[in-house]
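Chemist: structure, please.
(chains A and B)
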Amino acid sequence: MTTVDDETARPGRRDPAPALEVSRRPNPLERLRHVWRYRELLGNLVRKELKVKYKNSVLGFVWTLLNPALYLVVFSLVFQEVLRVQIPYYAIFFLSGLLVWNFFSTALTAGTMSITSNAQLVQKVWFPREILPLAAIGAAMVHFLLQAIVLVGALALFRRAPSFEYLPAVPVAFLVLLVLAAALAIGLSAINVYLRDTEHLLELTLLAWFWLSAIVYPYSLVADRLGPAREWIASLNPIIPIVITFQKALYNPDPARFAWYTNSPTFDPNNVLADQAAPAIPDHPIGWYLTHLAAVGIFAVVLLLGALWLFGRLEDDLAEEI
Amino acid sequence: MADAITIDSVTKVFKLAKDKPRSAKERIIRAGRISWERFLALDDVSFSVRDGETLAILGHNGSGKSTLLKCVAGTLRPTSGTITTRGRLAALLELGAGFHPDLTGRENVYLNGSILGFSKADVDAIFDDIVGFAELEEFIDQQVKHFSSGMYARLGFAVAINVDPDILLVDEVLSVGDEAFQRKCIDRIRRMQREGRTIVVVSHSTDLVRQLCDRAVVLHHGKLISEGVPGEAIRAFHDALATRGTDVPLVVEEGDHTPPVTVDPVTGELPVVVADEAEPDAGATVTIRHLEIEYPGSVQHLTPGQPLRIRVGYSASGLITDVAFGLEIFDEAGTRLMGTTTDVLEQYIHAVNGDGEVIFAFDHVPLLDGRFPIRVTIHSHDGGTIYAEREYEDAVAVMNPTRTRGTVHFPVKVEHLFNF
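Modeler: Next comes the predicted model:
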């Protein structure tokens, strides 16, 4: 049987167990180690999140798929048909970015409320509390995978293929996204205990952030408008490099490289030309994307350590304030 | 032997404010107009719990005992000082363990298991024991939000004692559930004591503390005021309760309390007042002036078997000859322990006129722990007229330094006859 405080087996109960100083505030790295030791609990809590969320709904996971599908229909209608945006296969372009955003916003919203909505657990037992926002992120990851199915469906429907050249950057981008979301969710979850309107402020912030993140419109419009000298302003938004990496890899505007795929009876070469006429995504090599991701990644790690430090301080009275 | 829990100069400060701001909006709107107060919930508390010992933390509401237990459990962190624990710790803070209302009993058991560091296989091994102990076989696959509070507490207790803890923290949870289950819990705690586990109980049931614990500490306004064997600590606890100042004052009316008639100092009996030849006043009334409890020592409580004098002061507006005094003693639950009158005792009060005092003197009071209410009545011989009646809350305080439990002390000797 494994125990919390000592991982070695205890043959007899008279053996003195190692002393644990419960009153000490662990530093961020120790906090991460605690989380790792409690990884089985993390898994159980993710399962709990999903179970609780879908226990009382008949449609269950279908709701998760309906959200991007609905967005897709509405935005395609508005941007392609009403505003006549010159982006071919707008649905795929939009879905690639929306995938990132939906993960980010569900992770932050659920993460921020994770401590307050698990008050019964927080008041009664000790465990690394960061597990709660992290479990919310884990549940959001499951939704992310489900929503990716919608994207794959859309790719199949439009007979498009992702860019294999840029595909290796996607897991990197997702990892960076994960760390960023974890940092923010951990920090906000503890703040929300003391300032209960954090979740409402977050809602507003996320709304503005969504429109500033080059999801609905192509990043090239922003880059052109700012010009090369001021393009750095756009990179103040850490989500943008992640979004455009997803777009570059999944929304592949250059099907000429995939002759095998387009070699079908319905293939229309005019379409290919139209695609190339509208380069919606910056035409940089993969290295450019990775560098930008690395910069965001470093920022996210620093933010995570800061969030863990803040969490440790706010944790002192958590059970009392909740 | 090593200490299982070491608490070293632990202080916990809470920042309080009247109408504490709970949102960023409020904080901005009321910026600078919030007066924060520091509340010292625990003030430099130090003690340790030896391995295998059962310790009680006593204290009235707000004394910091639950805060201290939370600090030991790790759900709160002290402002300063250190707490060290050795071994796996299971805590039952308030009602039951942390359960999620939307999950079934089974799912909650597994979730709780993993919070306490158990793998799925570990929980599998003890699952039947848990459900069996909680007597919830039929309900275990229902969502716990449909559980009654008793079922909830039972499951929480069953989880905590079946996870093989080295240290068990229990906060007032033994007062939930039906009596049969409470007995079962206490039996189980006794078994854990025999197995050499360390148990810390927070309670204000002095009976339970006397029954279960080896030692007790008393917290009063966040300070540790006593530490020792249960009887001693319980007395300190009651003394602390008495000085809280919220009790009903025993002496209701101020005035001259010296008895106008003297009592025989040897027998303690009341002198017989012979009524005048005069006719009693028809419209005369008598009121209770005061009730004074005379304890034998300098402290304001009795220990079992000590003598006690209860002085009832009266004030009559005229001569009354048809008069008797009644005294009733109750326990904390309101059950009458004794009810008597001067007539029943054949110590007749022949007449009252003006101010006087009637004294009930007990050679020894066989009460154990508690604060006992008293009712005094002045009535006619046949009880048809009640001139005055008054109840006094917590009038008699008795502190029990021994380990005998209950309300009444029956003097007892033990004999052992055997033929092996």
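Chemist: model confidence for whatever residue of the stretch 151-300 of chain A ends up closest to chain B, exactly?
Modeler: At 3.9 Å from chain B, A:D197 is the closest residue in the stretch 151-300 of chain A, using CB to the nearest CB. Any C-beta I mention is one placed from the backbone N, CA and C, and that applies to glycine too. On pLDDT, A:D197 comes in at 91.
Chemist: same question, A:A280
Modeler: A:A280 is assigned 59 on the pLDDT scale.
Chemist: mind showing which ranges of the chain have poor pLDDT?
Modeler: Assuming you mean chain A. For chain A, applying pLDDT under 70 flags the ranges A:1-17, A:55-58, A:60, A:253-281.
Chemist: if you could check chain B rather than the one you did, that'd help
Modeler: Low-confidence segments of chain B (pLDDT under 70): B:1, B:94-97, B:173-177, B:241-278.
Chemist: count of neighbours near the residue of the stretch 151-300 of chain A closest to chain B?
Modeler: 15 (other CB atoms under 10 Å in any protein chain shown).
Chemist: surely it meets B:P21?
Modeler: No. A:D197 lies out of contact with B:P21 (CB atoms under 8 Å); the separation is 10.4 Å.
Chemist: let's verify B:S63: helix, strand, or coil?
Modeler: With DSSP: H, G, I helix; E, B strand; the rest coil as the basis, B:S63 sits in coil.
Chemist: who touches the closest residue to it other than its chain neighbours in this structure?
Modeler: Nearest non-adjacent residue to B:S63, counting by CB to CB, 6 or more residues apart in numbering or on different chains: B:L219, 4.4 Å away. Going by CB atoms under 8 Å, 6 or more residues apart in numbering or on different chains, B:L219 touches B:L42, B:V45, B:I57, B:L58, B:G59, B:S63, B:G64, B:K65, B:L68, B:I225.
Chemist: the last one - that's part of a helix, no?
Modeler: No. Under the criterion used here (three-state DSSP), B:I225 is strand, not part of a helix.
Chemist: run a quick neighbour tally on it.
Modeler: For B:I225, the count of nearby residues is 17 (other CB under 10 Å).
Chemist: against chain A, how distant is it?
Modeler: Separation of B:I225 from chain A (CB to the nearest CB, to the nearest Å): 22 Å.
Chemist: got the contact list for that residue?
Modeler: B:V218, B:L219, B:A236, B:A240.
Chemist: secondary structure class for the second one?
Modeler: Three states are possible here, and by three-state DSSP the one that applies to B:L219 is strand.
Chemist: likewise B:Q211?
Modeler: Applying three-state DSSP: B:Q211 is helix.
Chemist: surely B:A4 is within a strand?
Modeler: Yes. Counting by three-state DSSP, B:A4 is part of a strand.
Chemist: which residues are in contact with the nearest residue to it once chain neighbours are set aside?
Modeler: Distances taken as CB to CB, 6+ apart place B:T198 nearest to B:A4, at 3.8 Å, with adjacent residues excluded. Under the criterion of CB under 8 Å, 6+ apart, the contact list for B:T198 reads B:4-5, B:49-55, B:87, B:166-168.
Chemist: cool, and A:T64?
Modeler: Taking CB under 8 Å, 6+ apart, one finds A:H143, A:L146, A:Q147 in contact with A:T64.
Chemist: for the helix or strand hosting the first one, packing partners?
Modeler: In this case it means A:H143. Element membership for A:H143, per DSSP states H and E: helix A:131-157. On a contact count with 3 or more CB pairs under 8 Å, 6 or more residues apart in numbering or on different chains; DSSP states H and E, helix A:131-157 meets helix A:39-55, helix A:62-75, helix A:90-113, helix A:169-194.
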